[in-house]
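Chemist: Mind looking at a prediction? Sequence and model below.
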Amino acid sequence: MKLDDLLERLKIKFVREGHHHSRAGWIQTDCPFCGRDSNKFHLGWNLESNYVHCWRCGHHKLNQTLVELTNISFVEINELIKSLTKSTSVIQHDPRGEVEIPNGVGDLQKQHRNYLQKRRYDPDEIAETWGVGGIGLHQNLSWRIFIPIIYQHETVSWTTRSISDQVRVRYMSASANQEAMNHKQLLYGEDFCNHAVIVHEGAFDVWRTGKGAVATCGTGFTRSQVLKLSNYPIRVICFDNEPEAQQRADELCSLLEPFQGETYNVQLSSKDASEAPANEIKELRGFLK
């Protein structure tokens, strides 16, 4: 029996994905802990892992929540919970065929190397460790750093960063039909991680922190990425220090809170890790030990 089947059996009113209060992989009910009449479906139930989280008052135990909503005894509720099954669909990736590498990708040229050096990166180290290349003249991707997204030692997608800050679009990534796997189902850099993980927004932050760091490829994150992060006993969220990014960091920490392990939100003194002083990066890497 699945979680939504159980709620239907217990006659608990909920809304599914498609309702403006509910997103993919979740169903929502009113929260019995912070006022049923006032919160309007603020209590989220994750269909993949059967955990419960209110966007106002935080995580709650599944059995306690069901008791509060139904007035049924803990003994009976616990027996019902034993019949629940967990879906594994969240860790299944969506293969989309062969990855399509743009024409013109090659070694880093002088212009690419100068750009990386100005940002305090060693071009040779970046190329060797992360497989980074360069694009010169191109119809749509001229003068960009080519950043392969690697999963289990294979390039499955890619993104690019312009070496000019004057362009309208600094980052341009593979389209859906150019990917072997959807990059938003993955964590950039995860092949290098062990028991702990430092979570950034982008590849440049990962390069600055080094092996053990990953990127969600933007402040937005998917349930696949959340479930991947939940597998690490130590999770350190280190997004940009701008208010919007910190709001997303807080949300990610809240989603990871119900899982076993430790979750931290670390804010650096600089805008992001790519601009952080060496002593702060050294302190940040202390979590990996």
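Modeler: Right, received. Where do you want to start?

Chemist: Tell me which stretches of the stretch 101-250 of the chain form strands.
Modeler: When secondary structure is read from DSSP state E, counting those that start in this stretch, the stretch 101-250 of the chain shows strands at 105-106, 133-135, 144-151, 154-162, 171-173, 196-200, 213-215, 234-237.

Chemist: Which of those strands has the lowest mean pLDDT?
Modeler: By mean pLDDT, the lowest-scoring of these turns out to be strand 171-173, with a mean of 91.

Chemist: Any idea how far it is from the middle of the chain?
Modeler: In terms of C-alpha atoms, centre = their mean, to the nearest Å, the gap separating the centre of strand 171-173 from the centre of its chain is 18 Å.

Chemist: Name the surrounding residues that touch that strand.
Modeler: 140-141, 144, 157-162, 183, 202, 217 (C-beta atoms under 8 Å, 6 or more residues apart in numbering). C-beta: built from backbone N, CA, C; applies to glycine.

Chemist: now these: which count as buried?
Modeler: The neighbour count (16 or more other C-beta atoms under 10 Å) marks 141, 144, 157-162, 183, 202, 217 as buried among these.

Chemist: where does the protein dip in pLDDT?
Modeler: When the per-residue scores of the chain are filtered using pLDDT under 70, the ranges that remain are 17-24, 35-39, 49, 55-56, 58, 85-97.

Chemist: for the residue lying closest to His183 once chain neighbours are set aside, what are its contacts?
Modeler: By the measure of C-beta to C-beta, 6 or more residues apart in numbering, the closest residue to His183 outside its immediate chain neighbours is Ser157, 4.1 Å from it. Counting by C-beta under 8 Å, 6+ apart, Ser157 makes contact with 99, 148-149, 173-174, 178-183, 186.

Chemist: Any idea how far the longest helix along the chain is from the middle of the chain?
Modeler: Scanning the chain for the helix with the most residues, using DSSP state H, yields helix 243-256. Relative to the mean C-alpha coordinate of its chain, helix 243-256 is positioned 11 Å out (C-alpha atoms, centre = their mean).

Chemist: what inclination does that helix have with respect to strand 196-200?
Modeler: Angular relation of helix 243-256 and strand 196-200 on a 0 to 180 degree scale: 150 degrees, by axes from the mean of the first three to the mean of the last three C-alpha atoms, to 10 degrees.

Chemist: Show me which parts of helix 243-256 are buried, residue by residue.
Modeler: Neighbour counts using 16+ other C-beta under 10 Å place 245-246, 248-249, 252-256 of helix 243-256 among the buried residues.

Chemist: Which one of the contacts of Ser157 is nearest to Ser230?
Modeler: The nearest member of the contacts of Ser157 to Ser230, counting by C-beta to C-beta, is Leu186 at 14.8 Å.

Chemist: Next up, identify which helix or strand Asn78 is on.
Modeler: Remark: Asn78 resides in helix 74-81, with elements defined by DSSP states H and E.

Chemist: what comes into contact with that helix?
Modeler: With contact meaning C-beta under 8 Å, 6+ apart, helix 74-81 is reached by 6, 9-10, 62-63, 66-67, 70.

Chemist: Could you do stretch 201-219 as well?
Modeler: Under the criterion C-beta under 8 Å, 6+ apart, residues 119, 121, 126, 129-130, 147, 149, 159, 161, 171, 173, 183-184, 187-190, 192-194, 196-200, 225, 238-240, 244-245, 248, 272-274, 276, 281, 284-285, 288 lie in contact with stretch 201-219.

Chemist: and the contacts of helix 74-81 as a markdown table, adding secondary structure, neighbour count and distance to Thr209?
Modeler: Converted to a markdown table, the contacts of helix 74-81 look like this (DSSP: H, G, I helix; E, B strand; the rest coil; neighbours: other C-beta atoms under 10 Å; distance: C-beta to C-beta, whole Å):
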| residue | secondary structure | neighbour count | distance to Thr209 |
| --- | --- | --- | --- |
| Leu6 | helix | 19 | 42 |
| Arg9 | helix | 11 | 47 |
| Leu10 | coil | 13 | 46 |
| Leu62 | helix | 18 | 35 |
| Asn63 | helix | 15 | 39 |
| Leu66 | helix | 24 | 41 |
| Val67 | helix | 17 | 44 |
| Thr70 | helix | 16 | 47 |
